[in-house]
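Peer 1: no sequence on this one, just coordinates:
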């Protein structure tokens with residue numbers, strides 16, 4: 001099962017935040033209204049084509065790498081060394097992740113280390129740090145500030161100590177640059193509330209925290225996003241097939257602001273450092289199917305050779321099959337064991353969502 005951004009398909013307020021929302025992606029949406037009693041049951045969808053894969057995932061800390069080349073070649077399990085040999089030949093490697101998944105974090109660390117061995121001139125780019133704290137991050141890497149300052153002034157994610165610390169420490173030890181690639185969360189919240197017009201009202205100093213150009217036109221990525229936003233009435237967008245609501249459109253504008261800002265951050269770094277490679281860490285929705293940040297980076301430099309590692313998860317340890325749609329998600333598929341369900345009941349989930357909505361509405365949109 002493909003992993004999607006946190007809270008996509010849950011409630012509309014989180015669609016403006018996507019990967020930053022607390023609810024993990026594997027929560028199953030629950031419709032708010034039952035179908036009319038007289039409606040005949042829908043015919044079951046035919047099973048999606050899939051192929052068996054000869055890998056095992058004994059526990060939640062393990063992972064497997066499967067070469068698919070975006071679904072162009074038969075799925076083939078590969079070793080870490082084989083994967084690194086392949087990825088080191090690309091200009092930019094997107095490591096799509098399932099946030100807070102120990103197996104995904106292990107894979108990221110292993111791949112980044114092995115890519116660096118093969119391509120020493122490499123930078124680490126991170127969704128998890130925002131542009132306005134690049135100076136804080138640089139000070140930490142240079143030994144001018146301690147980790148507490150990085151956590152507080154750099155607004156490191158709450159899970160930093162058990163997730164991203166190994167990667168940043170590896171970069172620090174080997175004098176590798178780390179790009180704070182994302183737009184500030186406050187900017188994303190305000191775009192989600194007010195739309196892209198908010199960016200034009202920002203002060204000149206703050207405007208540089210987000211991409212100069214944000215692409216919100218129609219296409220596969222917008223359709224994919226709206227598929228979550230319009231999936232049921234609980235999303236604030238009406239029934240599937242309806243025209244997107246204003247709220248859903250603002251949500252996509254916020255999502256695109258993230259994607260374009262990360263793409264621009266990588267592009268500008270490569271412009272300033274010819275010959276360097278970049279490994280970018282991001283929630284998988286931003287890179288799956290070579291969409292999101294990936295397509296926006298290609299808009300800025302079509303000549304770049306870009307690879308995507310796309311995660312998918314399994315509830316069982318053995319007898320795994322890879323769906324065609326998952327195989328098409330990346331150059332390599334990262335097979336993981338599924339995380340535990342975050343909520344046992346709808347009431348528990350709604351309470352968590354209410355708390356996130358309250359936080360979002362308190363955003364100060366004067367910058």
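Peer 2: Done, it's in. Bear in mind that the values here come from a model prediction, so they are computed numbers and not experimental data.
Peer 1: and the helix or strand hosting residue 108, what's its mean pLDDT?
Peer 2: Assessed by DSSP states H and E, residue 108 sits inside helix 102-118. Computed over helix 102-118, the mean pLDDT rounds to 97.
Peer 1: go on, stretch 283-300?
Peer 2: 97.
Peer 1: so what sits opposite residue 313 in the bridge?
Peer 2: According to DSSP bridges, the residues that bridge with residue 313 are residue 336.
Peer 1: which helix in the protein has the most residues?
Peer 2: In the chain, taking DSSP state H as the definition, the longest helix is helix 246-272.
Peer 1: picking up where we left off before, and the helix or strand following the helix holding residue 108 with helix 246-272, angle?
Peer 2: Note on helix 102-118: by DSSP H and E, the next helix or strand toward the C-terminus is strand 122-130. Strand 122-130 runs at 150 degrees relative to helix 246-272, counting by axes from the mean of the first three to the mean of the last three C-alpha atoms, to 10 degrees.
Peer 1: each with direction, which strands does strand 122-130 pair with?
Peer 2: In its sheet, and by DSSP bridges, strand 122-130 pairs with strand 178-182 (parallel), strand 277-283 (parallel).
Peer 1: export the ones you listed to JSON lines and append columns for distance to residue 86 and mean neighbour count.
Peer 2: Glycine gets a C-beta too; all of them are placed from N, C-alpha and C. Shown next, in JSON lines, are these (distance: least, C-beta to C-beta, whole Å; neighbours: other C-beta atoms under 10 Å):
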{"stretch": "strand 178-182", "distance to residue 86": "23", "mean neighbour count": "24"}
{"stretch": "strand 277-283", "distance to residue 86": "13", "mean neighbour count": "26"}
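Peer 1: distance to residue 310 added to these, as a markdown table?
Peer 2: Putting the strands paired with strand 122-130 into a markdown table (distance: least, C-beta to C-beta, whole Å) gives the following:
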| stretch | distance to residue 310 |
| --- | --- |
| strand 178-182 | 19 |
| strand 277-283 | 11 |
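Peer 1: for residue 80, which of those is the nearest?
Peer 2: strand 277-283 (14.5 Å; C-beta to C-beta).
Peer 1: re the thing from before, now do the helix holding residue 108: everything it contacts.
Peer 2: With contact meaning C-beta atoms under 8 Å, 6 or more residues apart in numbering, helix 102-118 is reached by 57, 60-63, 65, 80-81, 83-85, 87-88, 93, 95, 97-98, 122, 124, 162-164, 166-167, 170, 174, 176, 277, 279, 281, 309, 311, 334, 336-337.
Peer 1: which members of those residues occur in helices, if any?
Peer 2: 80, 81, 83, 84, 85, 87, 166, 167, 170.
Peer 1: find the least confident helix or strand in the protein, judged by mean pLDDT.
Peer 2: Among the helices and strands of the chain, helix 12-15 carries the lowest confidence by mean pLDDT, DSSP states H and E, at a mean of 40.
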